[in-house]
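Chemist: need a structure here:
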Amino acid sequence: MSMTALTVFIPTFFFVSLTPGMCMTLALSLGMSIGYRRTLWMMLGEVLGVGLVSVAAVLGIASVMLTYPWMFLAMKTMGAAYLFYLGISMWRSKGKMALSSSQSEMQLGRNWDLMAQGFMTAIANPKGWAFMISLLPPFIDSSRPLASQLTILVAIILLFEFICMSIYAAGGKGLRSLLGNARNVRLMNRLSGSLMMGVGLWLFLS
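Modeler: As a prediction, this is how the structure comes out:
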């Protein structure tokens, strides 16, 4: 993986991770209700789930690249279109934070239950799968060993997920107040949307 690819991947994924979503709003809700230390169990499960989704997405893409080059081209084109669509959707977003009642009123149990909640939230999110499958292809260099690239990409993804969930979980009422302002959420969505459209364009042209 080249340094150029990394310099594009790092800010793109960081801002996408920071954008309010299922896992981030769950971390915020739990951080406010049970505290940061216990929320770490949910975060551990979520990180494991995201890691599984990331590895599965990359391995699936790699097998397609080797076996069906034409199918990879089609996937790449659809992935580029999907990322561009997501970027436009985020630009058009009204900036409402999606914190569902099921997340805010969920039953809290043992540490294992919190870990399972985070894991299931990560792997059961279809948008997470679609996003990983769409985002990762442009950063995979077929001329270099897959294992080292996979290790670097997944490590960066998991680090950013943990950092962003920590920000949400530890932020408490102050962060919730900030994200309750539609203008602030709209600005964050537009930043992430612009980055996604840029990656989508790069993927389509590469």
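Chemist: Show me what the lengthiest helix in the chain is packed against.
Modeler: In terms of residue count, the longest helix belonging to the chain (DSSP state H) is helix 146-179. Using 3 or more C-beta pairs under 8 Å, 6 or more residues apart in numbering; DSSP states H and E, the elements in contact with helix 146-179 are helix 3-18, helix 22-34, helix 36-67. Using the backbone N, CA and C atoms, a C-beta is placed for each residue, glycine as well.
Chemist: weakest of those helices in terms of mean pLDDT?
Modeler: Ranked on mean pLDDT, the bottom entry among those is helix 22-34, at a mean of 77.
Chemist: in that helix, what's buried?
Modeler: For helix 22-34, a neighbour-count test (16 or more other C-beta atoms under 10 Å) marks 22-32 as buried.
Chemist: got it, and stretch 34-53?
Modeler: Within stretch 34-53, the residues that qualify as buried are 36, 39-51, 53, counting by 16+ other C-beta under 10 Å.
Chemist: Residues touching it, excluding its own?
Modeler: Contacts to stretch 34-53, defined as C-beta atoms under 8 Å, 6 or more residues apart in numbering, come from residues 23, 26-27, 30-31, 108, 111-112, 114-123, 128-129, 132, 154, 157-158, 161-162, 165-166, 169-170.
Chemist: want to throw the helices and strands packed on helix 146-179 into TSV with distance to Y82?
Modeler: Output for those, formatted as TSV (distance: least, C-beta to C-beta, whole Å):
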stretch	distance to Y82
helix 3-18	13
helix 22-34	18
helix 36-67	13
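Chemist: just so I know, which of these lies nearest S89?
Modeler: Distances from S89 to each of those were compared using C-beta to C-beta; the minimum, 12.9 Å, belongs to helix 3-18.
Chemist: I'd like the distance between F9 and M115.
Modeler: With distances taken as C-beta to C-beta, to the nearest Å, F9 is found 28 Å from M115.
Chemist: Mind checking what helix or strand follows the lowest-mean-pLDDT helix or strand in the chain in sequence?
Modeler: Using mean pLDDT, DSSP states H and E, helix 101-104 stands out as the lowest-scoring helix or strand of the chain, at a mean of 40. With elements assigned by DSSP states H and E, the helix or strand that comes after helix 101-104 is helix 111-123.
Chemist: rewinding a little: and the buried residues of helix 22-34, which two are furthest apart?
Modeler: The widest separation within these, taken as C-beta to C-beta, falls between M22 and M32 and amounts to 16.3 Å.
Chemist: okay, W129: pLDDT?
Modeler: At W129, the pLDDT value in this model is 77.
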